[in-house]
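[1] How does the following fold in three dimensions:
(chains A and B)
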Amino acid sequence: MKILQQLRDEGRAQDMQGLIEQIPFAQFLGIQVEQKGNEITTILPFKDTLVGNVSLPAIHGGAIGAFLEFTSIIQLLFDTSCEKLPKTVDISIDYLRSGKPVATYGRAIVTRQGRRVANVRAEIWQEEKSRPISASHGHFLLAPL
Amino acid sequence: MEQDNFSPHGNALGLQFVSEQAGQLFIKVPYAAHLVGDPDTGVIHGGVITAALDNASGWCVRLHDQWIEGNSMATLDLRIDYMKPAQPFKDLLIMSECYKITRHIAFVRAVAYQDELDNQVASSVATFMLGTATVRQA
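    Below is the predicted model:
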(Lines give C-alpha, C1' and ligand atoms only; values in the text may rest on other atoms or scores of the structure.)
Protein backbone atom coordinates (compact mmCIF):
# COMPACT_ATOMS: atom_id res chain seq x y z
CA MET A 1 0.00 0.00 0.00
CA LYS A 2 1.46 3.31 -1.10
CA ILE A 3 0.42 5.18 2.05
CA LEU A 4 2.22 2.72 4.32
CA GLN A 5 5.36 3.03 2.24
CA GLN A 6 5.03 6.79 2.09
CA LEU A 7 4.59 7.08 5.85
CA ARG A 8 7.61 4.86 6.36
CA ASP A 9 9.71 6.96 3.95
CA GLU A 10 8.73 10.04 5.91
CA GLY A 11 9.73 8.31 9.14
CA ARG A 12 6.12 8.15 10.27
CA ALA A 13 5.67 4.37 10.02
CA GLN A 14 3.78 4.44 13.30
CA ASP A 15 1.58 7.44 12.53
CA MET A 16 -1.70 5.56 12.61
CA GLN A 17 -3.86 8.69 12.54
CA GLY A 18 -2.06 9.70 9.33
CA LEU A 19 -2.84 6.29 7.90
CA ILE A 20 -6.55 6.14 8.63
CA GLU A 21 -7.02 9.63 7.25
CA GLN A 22 -6.19 8.07 3.88
CA ILE A 23 -8.74 5.26 4.17
CA PRO A 24 -12.15 6.37 2.90
CA PHE A 25 -14.18 3.86 4.90
CA ALA A 26 -12.42 4.87 8.15
CA GLN A 27 -13.35 8.47 7.35
CA PHE A 28 -16.93 7.46 6.60
CA LEU A 29 -17.22 5.89 10.06
CA GLY A 30 -15.28 8.80 11.61
CA ILE A 31 -12.58 6.71 13.29
CA GLN A 32 -9.74 8.49 15.07
CA VAL A 33 -6.55 7.17 16.65
CA GLU A 34 -4.97 8.36 19.88
CA GLN A 35 -1.40 7.39 20.46
CA LYS A 36 0.37 7.70 23.78
CA GLY A 37 3.83 6.15 23.68
CA ASN A 38 3.33 2.60 22.48
CA GLU A 39 -0.33 2.52 23.50
CA ILE A 40 -2.99 2.95 20.89
CA THR A 41 -6.63 3.74 21.49
CA THR A 42 -9.08 3.95 18.61
CA ILE A 43 -12.01 6.30 18.95
CA LEU A 44 -15.38 6.13 17.25
CA PRO A 45 -17.24 9.39 18.00
CA PHE A 46 -21.00 8.98 17.88
CA LYS A 47 -22.92 10.20 14.87
CA ASP A 48 -26.41 9.55 13.53
CA THR A 49 -25.31 7.44 10.57
CA LEU A 50 -23.97 4.79 12.98
CA VAL A 51 -27.39 4.04 14.43
CA GLY A 52 -28.84 0.58 13.87
CA ASN A 53 -31.78 0.62 16.24
CA VAL A 54 -33.59 3.95 16.20
CA SER A 55 -35.91 3.29 19.15
CA LEU A 56 -33.16 2.52 21.71
CA PRO A 57 -31.11 4.17 20.08
CA ALA A 58 -28.15 1.82 19.63
CA ILE A 59 -25.09 1.74 17.38
CA HIS A 60 -25.38 -0.70 14.50
CA GLY A 61 -23.74 -4.11 14.99
CA GLY A 62 -22.10 -3.73 11.61
CA ALA A 63 -20.50 -0.44 12.58
CA ILE A 64 -19.29 -2.09 15.79
CA GLY A 65 -17.86 -4.98 13.81
CA ALA A 66 -16.11 -2.62 11.42
CA PHE A 67 -14.70 -0.62 14.33
CA LEU A 68 -13.34 -3.80 15.98
CA GLU A 69 -11.76 -4.81 12.68
CA PHE A 70 -10.11 -1.39 12.28
CA THR A 71 -8.90 -1.48 15.89
CA SER A 72 -7.31 -4.90 15.28
CA ILE A 73 -5.67 -3.90 12.00
CA ILE A 74 -4.33 -0.61 13.34
CA GLN A 75 -2.74 -2.37 16.32
CA LEU A 76 -1.28 -4.98 13.98
CA LEU A 77 0.18 -2.34 11.66
CA PHE A 78 1.62 -0.50 14.64
CA ASP A 79 3.25 -3.64 16.05
CA THR A 80 4.58 -5.04 12.79
CA SER A 81 5.11 -1.93 10.62
CA CYS A 82 4.41 -4.17 7.64
CA GLU A 83 4.19 -2.67 4.19
CA LYS A 84 0.98 -4.36 3.18
CA LEU A 85 -2.38 -3.90 4.79
CA PRO A 86 -3.16 -7.14 6.66
CA LYS A 87 -6.06 -9.09 5.18
CA THR A 88 -8.82 -10.30 7.46
CA VAL A 89 -9.18 -14.07 7.26
CA ASP A 90 -11.94 -14.32 9.83
CA ILE A 91 -13.33 -12.35 12.72
CA SER A 92 -15.63 -13.53 15.46
CA ILE A 93 -17.57 -10.89 17.32
CA ASP A 94 -19.32 -11.09 20.66
CA TYR A 95 -21.90 -8.38 21.25
CA LEU A 96 -21.95 -7.84 24.99
CA ARG A 97 -23.99 -4.68 25.55
CA SER A 98 -25.87 -2.32 23.31
CA GLY A 99 -23.83 0.59 21.97
CA LYS A 100 -25.20 3.81 23.40
CA PRO A 101 -25.18 7.02 21.37
CA VAL A 102 -21.87 8.18 22.84
CA ALA A 103 -18.21 7.83 21.85
CA THR A 104 -16.73 4.33 21.75
CA TYR A 105 -13.09 3.45 22.45
CA GLY A 106 -11.10 0.45 21.33
CA ARG A 107 -7.93 -1.42 22.23
CA ALA A 108 -6.43 -4.50 20.65
CA ILE A 109 -3.75 -7.02 21.54
CA VAL A 110 -1.81 -9.10 19.05
CA THR A 111 -1.94 -12.42 20.88
CA ARG A 112 0.29 -14.23 18.46
CA GLN A 113 2.19 -13.07 15.45
CA GLY A 114 3.45 -15.73 13.11
CA ARG A 115 5.14 -15.25 9.77
CA ARG A 116 1.93 -15.46 7.81
CA VAL A 117 -0.95 -15.15 10.24
CA ALA A 118 -1.53 -13.03 13.32
CA ASN A 119 -4.16 -13.56 16.01
CA VAL A 120 -5.66 -10.37 17.38
CA ARG A 121 -8.12 -9.74 20.17
CA ALA A 122 -9.95 -6.46 20.42
CA GLU A 123 -12.31 -4.94 22.94
CA ILE A 124 -14.37 -1.78 22.74
CA TRP A 125 -16.06 0.17 25.50
CA GLN A 126 -17.90 3.42 26.16
CA GLU A 127 -18.11 5.02 29.60
CA GLU A 128 -16.28 2.30 31.48
CA LYS A 129 -13.37 0.27 30.17
CA SER A 130 -14.31 -2.56 32.53
CA ARG A 131 -17.72 -2.81 30.84
CA PRO A 132 -16.92 -3.60 27.19
CA ILE A 133 -19.81 -3.37 24.74
CA SER A 134 -18.23 -5.82 22.33
CA ALA A 135 -15.17 -8.02 21.86
CA SER A 136 -13.64 -9.77 18.90
CA HIS A 137 -11.05 -12.34 17.98
CA GLY A 138 -9.70 -12.46 14.47
CA HIS A 139 -7.04 -13.94 12.23
CA PHE A 140 -5.19 -11.71 9.80
CA LEU A 141 -3.00 -12.64 6.89
CA LEU A 142 0.26 -10.70 6.92
CA ALA A 143 1.89 -11.92 3.71
CA PRO A 144 0.02 -11.84 0.44
CA LEU A 145 -1.27 -15.23 -0.70
CA MET B 1 -39.39 -5.80 3.81
CA GLU B 2 -38.99 -2.53 2.10
CA GLN B 3 -36.20 -0.08 1.49
CA ASP B 4 -37.23 2.20 4.38
CA ASN B 5 -36.80 -0.70 6.80
CA PHE B 6 -33.05 -0.20 6.79
CA SER B 7 -31.40 1.40 9.78
CA PRO B 8 -29.71 4.81 9.47
CA HIS B 9 -26.38 3.01 9.28
CA GLY B 10 -27.71 0.69 6.58
CA ASN B 11 -28.91 3.68 4.59
CA ALA B 12 -25.58 5.47 5.03
CA LEU B 13 -23.82 2.43 3.60
CA GLY B 14 -26.24 2.54 0.67
CA LEU B 15 -27.87 -0.85 1.21
CA GLN B 16 -30.65 -1.72 -1.21
CA PHE B 17 -33.34 -4.34 -0.89
CA VAL B 18 -33.33 -6.66 -3.93
CA SER B 19 -35.73 -9.51 -3.29
CA GLU B 20 -37.03 -12.04 -0.84
CA GLN B 21 -37.98 -15.60 -1.68
CA ALA B 22 -38.49 -18.78 0.32
CA GLY B 23 -37.06 -17.20 3.47
CA GLN B 24 -33.96 -15.98 1.67
CA LEU B 25 -33.25 -12.29 1.64
CA PHE B 26 -31.20 -10.63 -1.07
CA ILE B 27 -29.55 -7.26 -0.53
CA LYS B 28 -27.26 -5.15 -2.67
CA VAL B 29 -24.45 -2.83 -1.61
CA PRO B 30 -23.69 -0.61 -4.62
CA TYR B 31 -20.00 0.16 -5.02
CA ALA B 32 -19.22 3.63 -3.65
CA ALA B 33 -16.07 5.68 -3.03
CA HIS B 34 -16.70 6.10 0.71
CA LEU B 35 -16.65 2.31 1.23
CA VAL B 36 -13.06 1.92 0.03
CA GLY B 37 -10.56 0.37 2.43
CA ASP B 38 -7.50 0.38 0.19
CA PRO B 39 -7.22 3.55 -1.93
CA ASP B 40 -4.48 1.96 -4.08
CA THR B 41 -6.76 -0.72 -5.45
CA GLY B 42 -10.24 0.62 -4.76
CA VAL B 43 -11.14 -2.55 -2.85
CA ILE B 44 -13.91 -1.97 -0.31
CA HIS B 45 -13.11 -2.39 3.38
CA GLY B 46 -13.88 -5.64 5.17
CA GLY B 47 -15.95 -3.63 7.60
CA VAL B 48 -18.43 -2.85 4.83
CA ILE B 49 -18.95 -6.58 4.37
CA THR B 50 -19.28 -6.99 8.15
CA ALA B 51 -21.92 -4.28 8.31
CA ALA B 52 -23.85 -5.56 5.31
CA LEU B 53 -23.82 -9.18 6.56
CA ASP B 54 -24.96 -8.07 10.02
CA ASN B 55 -27.76 -6.00 8.50
CA ALA B 56 -28.98 -8.72 6.15
CA SER B 57 -28.71 -11.37 8.89
CA GLY B 58 -30.82 -9.33 11.27
CA TRP B 59 -33.48 -8.60 8.69
CA CYS B 60 -34.00 -12.14 7.49
CA VAL B 61 -34.95 -13.18 11.05
CA ARG B 62 -38.02 -10.99 10.63
CA LEU B 63 -38.97 -12.95 7.51
CA HIS B 64 -39.11 -16.27 9.36
CA ASP B 65 -42.55 -17.86 9.86
CA GLN B 66 -42.05 -18.04 13.62
CA TRP B 67 -40.96 -14.44 14.02
CA ILE B 68 -43.33 -12.60 16.34
CA GLU B 69 -44.08 -9.10 15.10
CA GLY B 70 -43.14 -6.42 17.61
CA ASN B 71 -40.48 -8.60 19.22
CA SER B 72 -37.06 -7.08 19.76
CA MET B 73 -33.73 -8.61 18.92
CA ALA B 74 -30.04 -8.06 19.52
CA THR B 75 -26.99 -9.61 17.83
CA LEU B 76 -25.34 -12.11 20.17
CA ASP B 77 -22.40 -13.03 17.99
CA LEU B 78 -21.29 -12.89 14.42
CA ARG B 79 -18.49 -14.81 12.80
CA ILE B 80 -17.28 -13.90 9.36
CA ASP B 81 -14.89 -15.75 7.07
CA TYR B 82 -13.35 -13.67 4.32
CA MET B 83 -12.58 -15.88 1.34
CA LYS B 84 -11.15 -13.27 -1.00
CA PRO B 85 -11.18 -9.51 -1.48
CA ALA B 86 -14.22 -8.07 -3.19
CA GLN B 87 -13.47 -6.91 -6.72
CA PRO B 88 -13.41 -3.12 -6.93
CA PHE B 89 -16.05 -1.10 -8.81
CA LYS B 90 -18.54 -3.94 -8.55
CA ASP B 91 -21.66 -4.16 -6.41
CA LEU B 92 -21.59 -6.47 -3.42
CA LEU B 93 -24.54 -8.82 -3.02
CA ILE B 94 -25.73 -10.49 0.16
CA MET B 95 -27.95 -13.51 0.64
CA SER B 96 -29.10 -14.29 4.16
CA GLU B 97 -31.23 -17.05 5.59
CA CYS B 98 -32.60 -17.72 9.06
CA TYR B 99 -32.42 -21.52 9.28
CA LYS B 100 -33.59 -21.99 12.85
CA ILE B 101 -35.53 -19.95 15.33
CA THR B 102 -36.28 -20.91 18.93
CA ARG B 103 -38.09 -19.02 21.66
CA HIS B 104 -34.99 -17.04 22.58
CA ILE B 105 -32.47 -17.44 19.76
CA ALA B 106 -32.40 -17.11 15.98
CA PHE B 107 -29.65 -18.74 13.90
CA VAL B 108 -28.68 -17.15 10.62
CA ARG B 109 -26.20 -17.82 7.86
CA ALA B 110 -25.33 -15.40 5.11
CA VAL B 111 -22.97 -15.04 2.19
CA ALA B 112 -21.51 -12.00 0.48
CA TYR B 113 -20.85 -12.49 -3.23
CA GLN B 114 -20.38 -10.71 -6.53
CA ASP B 115 -22.11 -11.45 -9.85
CA GLU B 116 -23.11 -15.01 -8.97
CA LEU B 117 -23.98 -16.78 -5.73
CA ASP B 118 -21.05 -19.20 -6.02
CA ASN B 119 -18.56 -16.37 -6.44
CA GLN B 120 -18.33 -15.88 -2.67
CA VAL B 121 -16.35 -13.11 -1.05
CA ALA B 122 -17.30 -13.87 2.56
CA SER B 123 -19.65 -16.00 4.59
CA SER B 124 -21.04 -15.58 8.07
CA VAL B 125 -22.98 -17.25 10.85
CA ALA B 126 -24.79 -15.19 13.44
CA THR B 127 -27.03 -15.71 16.43
CA PHE B 128 -29.57 -13.23 17.66
CA MET B 129 -31.19 -12.95 21.06
CA LEU B 130 -34.92 -12.52 20.71
CA GLY B 131 -37.36 -10.69 22.92
CA THR B 132 -34.78 -8.71 24.86
CA ALA B 133 -36.55 -5.99 26.79
CA THR B 134 -35.38 -2.71 25.33
CA VAL B 135 -35.39 -0.98 28.72
CA ARG B 136 -33.03 -3.48 30.29
CA GLN B 137 -30.37 -3.08 27.62
CA ALA B 138 -27.55 -1.41 29.49
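[2] From here on, just use CA atoms for contacts and neighbour counts.
    Will do.
[3] any idea which helix or strand carries the residue in chain B positioned nearest to chain A?
    For chain B and chain A, the shortest gap (Cα to the nearest Cα) falls at B:Ala51, measuring 3.3 Å. Using DSSP states H and E, the element containing B:Ala51 is helix B:46-61.
[4] Could you say which helix or strand holds the closest residue to chain B within chain A?
    Residue of chain A nearest chain B, by Cα to the nearest Cα: A:Gly62 (3.3 Å). Element membership for A:Gly62, per DSSP H and E: helix A:61-80.
[5] So which elements touch that helix?
    strand A:39-44, strand A:87-95, strand A:104-113, strand A:117-125, strand A:132-141, helix B:46-61 (3 or more Cα pairs under 8 Å, 6 or more residues apart in numbering or on different chains; DSSP states H and E).
[6] So which other helices or strands are in contact with the fifth one?
    Same thing as strand A:132-141. Contacts defined by 3+ Cα pairs under 8 Å, 6+ apart place strand A:132-141 against helix A:61-80, strand A:87-95, strand A:117-125.
[7] Just name the most buried of these.
    Burial of the helices and strands packed on strand A:132-141 is given as mean neighbour count (mean count of other Cα atoms under 10 Å in any protein chain shown); helix A:61-80 ranks first at a mean of 24.
[8] chain center to that helix: distance?
    2 Å (Cα atoms, centre = their mean, to the nearest Å).
[9] and it, average pLDDT?
    In this model, helix A:61-80 has a mean pLDDT of 93.
[10] Okay, angle between that helix and helix B:46-61 too, please.
    Here helix A:61-80 points in a direction 150 degrees away from that of helix B:46-61 (axes from the mean of the first three to the mean of the last three Cα atoms, to 10 degrees).
[11] Remind me which helix or strand A:Gln6 belongs to.
    With DSSP H and E as criterion, A:Gln6 is part of helix A:2-9.
[12] and that helix, how far from the chain's centre?
    The answer for helix A:2-9 is 19 Å, by Cα atoms, centre = their mean.
[13] Show me what the helix or strand that that helix is followed by packs onto, helices and strands only.
    Downstream of helix A:2-9, the next assigned helix or strand under DSSP H and E is helix A:16-20. Counting contacts by 3+ Cα pairs under 8 Å, 6+ apart, helix A:16-20 is packed against helix A:2-9, strand A:32-36.
[14] What average pLDDT does the helix or strand just after helix A:16-20 get?
    Per DSSP H and E, the first helix or strand lying C-terminal to helix A:16-20 is helix A:24-29. Helix A:24-29 shows a mean pLDDT of 95.
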